[in-house]
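Give me a 3D structure for the following:
(one chain, ligands or ions: 2)
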Amino acid sequence: MAMYGIPVLILKEGTSRTHGKEALKANIMAARILAEILRTSLGPRGLDKMLVDSFGDITVTNDGATIVKEMEIQHPSAKLLVEAAKAVDAEVGDGTTSAVVIAGALLEKAERLLDQGIHSTIIIEGYKKALNKALEILDEIAIKIPIGDIEKPEEREKAKEKLKKVLYAALASKYVATSDVLDRIMDMVIEAAFTAAEKRPDGTYDVKLDMIKIEKKRGGSLADSMIVHGVVLDKEVVHPAMPRRVENAKIALIDAPLEIEKPDITAKINITSPEQIRAFLEEEARILRDYVEKIASVGVNVVICQKGIDDVAQHYLAKKGIMAVRRVKRSDMEKLEKATGGRIVTSIRDLSEKDLGECGLVEERRVGNDKMVFVERCKNPKAVTILLRGSSDMLLDETERSINDGLNTVRNVLRDPKIVPGGGAVEMEVAMRLRRWAETIAGKEQLAVLAFAEAIEEIPAILAQTAGMDTLATIMELRKLHAEGKSAAGVDVINSRVYENMVELNVLEPVIVKKQILKSATETATTILKIDDVIAAAPKKEEKKKEEEKKKEEEEGISKPSFD
Ligand code: ADP
Ligand code: MG
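Ligands and ions are numbered 1, 2, ... in the order given. Model (predicted):
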């Protein structure tokens with residue numbers, strides 16, 4: 001059915017299209033390249049990546065989540081892999097590198113099966129079955145760790161000791177592990193997590209991570225870091241005549257400027273006499289005084305403002321004995337809302353007593369050469385801040401990431417108190433049991449299950465590689481040990497050897513992380529395997545960039561011009 005001379009255009013100009021096997025191969029290739037980049041950063045002897053963003057800022061890290069976040073990934077299927085990493089990160093806060101590596105391996109094995117003429121739908125089915133079986137196996141081999149009641153002092157101490165072992169494994173590959181303050185960091189992480197933990201009916205705990213704030217302050221050393229029960233703001237009290245310490249604080253959380261807003265357009269006012277100038281300024285002062293009167297009238301003694309506070313308003317606040325802090329980040333405002341039970345108001349006129357937050361003490365204190373505001377003894381006792389000190393921003397950032405990892409680990413164990421041996425041990429065991437189980441599966445799906453088993457053995461293989469060991473020989477030896485029933489045999493990467501019981505070395509991981517890794521990796525791999533058509537529009541870049549910049553400004557609270 002030819003249409004003479006009229007080309008049928010259903011896609012916009014600049015759109016490219018690949019489909020069928022070609023599309024699948026290109027997608028697999030892109031995903032594998034990303035996995036290839038990440039693989040060398042796995043484990044305690046993983047190497048760092050140096051990432052330079054378009055502004056020239058540098059990040060040095062071996063944290064998988066950070067690497068994929070900072071990389072500007074173009075290819076759509078590689079982006080899917082990034083999504084998998086983010087999903088694991090969001091769920092359990094760990095295991096990103098492993099998820100990407102396993103997804104890459106699943107795709108690599110799938111490609112081989114495709115080349116042998118096995119259809120992608122069969123591979124997808126096989127992978128899904130293998131995943132379900134693997135999750136079952138994980139439950140079978142996981143070791144329970146009874147946490148007890150962390151509200152009882154003696155049980156709390158015991159729980160701490162147990163958690164430290166798991167934490168140690170989580171942090172061993174991080175920068176902090178080489179610093180002599182690891183023990184202190186672990187104590188802070190556990191203390192913060194316990195503070196923010198809520199007991200669930202089944203006796204496990206839910207750690208409210210959003211109650212925990214990490215505040216970084218350059219200067220001093222890591223050993224000067226501390227835990228504060230409450231919220232710490234990297235701000236000073238705005239006016240010298242204000243109180244530095246307020247007990248039984250009634251806090252107004254204001255998301256509105258305490259200043260006369262300058263009009264966006266340039267307006268011209270003709271003033272013909274000095275009286276007019278005075279009248280004009282007096283009117284401004286009157287408005288600000290009214291604001292302050294209103295604030296004082298509901299019983300506020302601390303103002304925390306997301307926007308600016310004008311000099312005149314500061315003066316009136318000081319006269320009323322009200323402490324004030326300005327240009328507080330949105331994320332901090334939200335933390336304060338939760339911690340103090342207050343509500344952020346956007347209009348001062350509407351402020352009422354029930355919007356106020358409460359806490360036992362607000363105080364400005366000296367930290368190094370700077371001043372910070374401490375909001376303590378909050379209405380909600382679960383609010384907690386880890387105040388980090390360190391000599392450089394890079395060190396602080398890397399430590400913050402480690403602490404986040406640590407918090408997630410504690411949360412994961414408290415949520416599902418079961419652990420498995422790391423160092424590739426659990427992967428070897430799951431792979432072995434999967435292979436045995438595969439024999440019960442008829443047809444070509446069996447090949448996919450075997451491929452799945454092989455793919456998860458990538459983890460011990462890479463760990464061996466980072467330790468400078470012979471990969472193949474290591475895998476063979478581990479297979480033998482596991483066949484003999486040594487289910488915790490893995491790679492001791494620190495000493496570059498195969499070790500029969502990783503539990504003895506304290507290389508332990510929450511089972512929930514391993515489950516999430518396998519789920520996300522399988523999901524991504526099967527999603528990519530399902531695609532047989534890629535229709536790509538011509539890129540639009542500028543707009544996206546602008547949007548991101550705008551978002552950043554809002555978060556920093558600098559969207560208004562300031563006259564500091
Ligand atoms: P991910 O982003 O996947 O969490 P990591 O860099 O944190 O990647 O590495 C985690 C892997 O390193 C896990 O498989 C863990 O068992 C392993 N691992 C951690 N510490 C050790 C150790 N001391 N010896 C061997 N393997 C270890
Ligand atoms: Mg990790």
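
mind listing the strands for the stretch 401-550 of the chain?
Counting by DSSP state E, counting those that start in this stretch, the segments of the stretch 401-550 of the chain that form strands are 418-421, 490-492, 497-499, 508-510, 533-536.

How about the stretch 251-400 of the chain?
With DSSP E, counting those that start in this stretch as the criterion, the stretch 251-400 of the chain has strands at 302-305, 323-325, 344-345, 357-367, 370-378, 384-390.

what's next to the second one, contact-wise?
The list of residues contacting strand 323-325 from outside it, by C-beta atoms under 8 Å, 6 or more residues apart in numbering, reads 233, 235-239, 242-244, 246, 258, 301-305, 309, 314, 317, 362, 364, 373. Backbone N, C-alpha and C define where each C-beta goes, glycine included.

just to revisit the earlier point, any idea which of the strands of the stretch 251-400 of the chain gets closest to ligand 1?
Ligand 1 lies closest to strand 384-390 among these, at 20.1 Å (C-beta to the nearest ligand atom).

okay, that closest one in CSV with CA atoms only?
Taking Å, rounded to 0.1, in the frame of the first residue of the first chain, the C-alpha atoms of strand 384-390 are listed here in CSV:
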residue,chain,number,x,y,z
VAL,A,384,19.4,13.2,67.1
THR,A,385,22.3,14.8,65.3
ILE,A,386,25.7,13.5,64.6
LEU,A,387,28.0,16.5,64.5
LEU,A,388,31.0,15.6,62.4
ARG,A,389,34.4,17.3,62.6
GLY,A,390,37.3,16.9,60.2
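
so where's the stretch 401-550 of the chain uncertain?
By pLDDT under 70, the weakly predicted segments of the stretch 401-550 of the chain are 532-550.

Near ligand 1, which residues of it are found?
Residues of the stretch 401-550 of the chain lying close to ligand 1 by C-beta under 6 Å from any ligand atom are 422-423, 459, 463, 491-494, 507, 509.

can you tell me the residue of the protein closest to ligand 1?
Residue nearest to ligand 1 within the chain (C-beta to the nearest ligand atom): G422, separated by 2.3 Å.

what about that residue, neighbour count?
29 (other C-beta atoms under 10 Å).

how much space between it and A169?
Remark: distance between G422 and A169 (C-beta to C-beta, to the nearest Å) = 6 Å.

got any residues that touch both of those two?
Taking C-beta under 8 Å, 6+ apart as the contact criterion, the residues that touch both G422 and A169 are 507-509.

Redo these as TSV? Include neighbour count.
As requested, the shared contacts of G422 and A169 are arranged in TSV below (neighbours: other C-beta atoms under 10 Å):
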residue	neighbour count
V507	27
L508	27
E509	25
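
Adding distance to A296, write those residues out as a markdown table.
Rendered in a markdown table, the data for the shared contacts of G422 and A169 read as follows (distance: C-beta to C-beta, whole Å):
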| residue | distance to A296 |
| --- | --- |
| V507 | 59 |
| L508 | 56 |
| E509 | 54 |
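
Make a markdown table from the strands of the stretch 401-550 of the chain and add distance to S77 to it.
Formatted as a markdown table, the entries for those read as follows, by distance: least, C-beta to C-beta, whole Å:
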| stretch | distance to S77 |
| --- | --- |
| strand 418-421 | 30 |
| strand 490-492 | 30 |
| strand 497-499 | 35 |
| strand 508-510 | 28 |
| strand 533-536 | 8 |
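
Please indicate which of those has the most neighbours on average?
Among these, strand 490-492 has the highest mean neighbour count (mean count of other C-beta atoms under 10 Å), at a mean of 29.

contacting residues around that strand?
Outside strand 490-492, the residues within contact range by C-beta under 8 Å, 6+ apart are 421-426, 428, 460, 463-464, 467, 469, 474, 478, 497-499, 502, 505, 507.
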